[in-house]
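what follows is a protein structure lacking sequence information:
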């Protein structure tokens, strides 16, 4: 799993532990092998993930931008589900 770099080493360690605990199956198999942090400026897929998250956030009312649903129409057909948290 690759995550946009932020925080210090302790943050990364705690985040990795949390994610692995949430992604472990009842039989003890962990679905995450490794958590790696990178700067989004050097990783195109992280840039895309940031963009998509921002578009969904703005269209869900997170920020009152002009035309906030314009870009959502380009990705909506790819959505499996969107959960607004916290409720």
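Perfect, I can see it now. As the structure is a prediction and not an experimental result, all values here were calculated from the model.

and the pLDDT for the closest residue to residue 36 other than its chain neighbours?
Closest residue to residue 36 apart from its sequence neighbours, by CB to CB, 6 or more residues apart in numbering: residue 2 at 5.0 Å. Glycine gets a C-beta too; all of them are placed from N, C-alpha and C. Looking at residue 2, its pLDDT reads 90.

try residue 67
Confidence for residue 67, expressed as pLDDT, is 55.

ok, back up a step: tally of neighbours for the residue nearest to residue 36?
14 (other CB atoms under 10 Å).

that one and residue 37 touch, don't they?
Yes - using CB atoms under 8 Å, residue 2 makes contact with residue 37 at a distance of 7.5 Å.

what touches both of those two?
Common neighbours of residue 2 and residue 37 (criterion: CB atoms under 8 Å, 6 or more residues apart in numbering): none identified.

show me what the helix ranked longest in the chain packs onto, helices and strands only.
Selection of the longest helix in the chain by residue count, based on DSSP state H, yields helix 44-59. Packing partners of helix 44-59 (3 or more CB pairs under 8 Å, 6 or more residues apart in numbering; DSSP states H and E): strand 2-4, helix 72-75.
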